[in-house]
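>>> Return a 3D structure for these sequence lines:
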Amino acid sequence: MDIPELLKENRSAILKEWKERTLATYPIDATQFLKKQKDPFANPVGHKLSLGLEEAFDGLFHDKHEVKLDFLADFMRVRAVQDFTPSRAVAFLFELKGIVREKLRKELAKLKDQDLYELDSRVDRLALTGFDLYAESKAKLAEIRLAEVKNAVYNALAKANLVCELPEASGSGQEAENRASEETET
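Coordinates of the predicted model:
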């Protein structure tokens with residue numbers, strides 16, 4: 001039996017543990033809410049997490065890269081807003097390797113090292129993609145916050161009547177330069 005078959009056979013047990021460990025990365029009160037609230041509209045993070053972990057798991061040995069990226073992009077955006085550190089934001093992805101080893105210890109002992117290496121490589125690539133998506137989300141948040149600060153400053157200056165519009169320069173830069181030199185000569 002190979003790793004994809006083992007994963008398929010033990011899917012529910014592995015996913016249950018993976019979800020538990022991922023939820024454990026949140027504060028206790030948030031974890032309780034995420035576990036108990038089943039309504040996808042009242043608990044979009046928990047709902048996305050459950051579906052996303054399933055998609056990522058199922059896609060590990062299939063060419064469903066775009067599915068994993070959709071889940072990861074959404075989930076990393078949420079984690080960026082929640083101010084997870086980069087390592088904490090993606091750690092749940094690396095957890096999958098340990099969970100598989102714990103749940104399938106006996107079966108994995110019978111497999112070739114190459115098979116386990118392939119699983120590790122796929123999980124690592126998934127985690128690295130998650131890190132990239134988290135970094136993109138943090139950069140976008142920083143851009144949004146900077147724009148908000150700029151708008152707030154502009155609005156404060158405008159309220160204080162300290163903003164004036166600059167007249168538009170007509171013509172090319174050379175014409176403006178010629179006018180400036182003519183003015184200094186006279």
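
>>> Need the three-state assignment for L166.
Assigned state for L166: coil (three-state reduction, DSSP: H, G, I helix; E, B strand; the rest coil).

>>> any idea how far the residue nearest in space to the middle of the chain is from P40?
Centroid check for the chain by CA atoms, centre = their mean gives M76 as the closest residue, at 1.8 Å. According to CB to CB, to the nearest Å, M76 and P40 sit 19 Å apart. C-beta: built from backbone N, CA, C; applies to glycine.

>>> Please name the nearest non-neighbouring residue to N43.
Q37 (3.8 Å; CB to CB, 6 or more residues apart in numbering).

>>> tell me which element the spatially closest residue to T22 that is not a sequence neighbour is part of?
Nearest non-adjacent residue to T22, counting by CB to CB, 6+ apart: F92, 4.1 Å away. Taking DSSP states H and E as the criterion, F92 maps to helix 86-103.

>>> For that helix, which residues meet the burial criterion?
For helix 86-103, burial by neighbour count (16 or more other CB atoms under 10 Å) applies to A89, V90, A91, F92, L93, E95, L96, K97, I99, V100, K103.

>>> OK, contacts around the closest residue to the third one other than its chain neighbours?
Setting aside the residues directly before and after it, A91 is nearest to T25 in space (CB to CB, 6+ apart), at 6.8 Å. With contacts taken as CB atoms under 8 Å, 6 or more residues apart in numbering, T25 has the following neighbours: F84, R88, A91, F92.

>>> quick one, phi/psi of T25?
phi -80, psi -10 (degrees, to the nearest 10).

>>> which element is the closest residue to E95 other than its chain neighbours on?
Nearest non-adjacent residue to E95, counting by CB to CB, 6+ apart: R21, 4.9 Å away. R21 is part of helix 11-23 when elements are defined by DSSP H and E.

>>> Which strands and helices lie in contact with that helix?
Applying 3 or more CB pairs under 8 Å, 6 or more residues apart in numbering; DSSP states H and E, we find helix 11-23 packed against helix 28-36, helix 44-59, helix 86-103.

>>> Next, the angle from the shortest one to helix 11-23.
Read that as helix 28-36. Interaxial angle, helix 28-36 versus helix 11-23 (axes from the mean of the first three to the mean of the last three CA atoms, to 10 degrees): 150 degrees.

>>> Got the confidence number for D83?
What the model reports as pLDDT for D83 is 80.

>>> Output the longest helix belonging to the chain.
helix 113-159 (DSSP state H).

>>> Check the offset of that helix from the chain's centre.
Centroid separation for helix 113-159 versus its chain: 6 Å, with CA atoms, centre = their mean, to the nearest Å.
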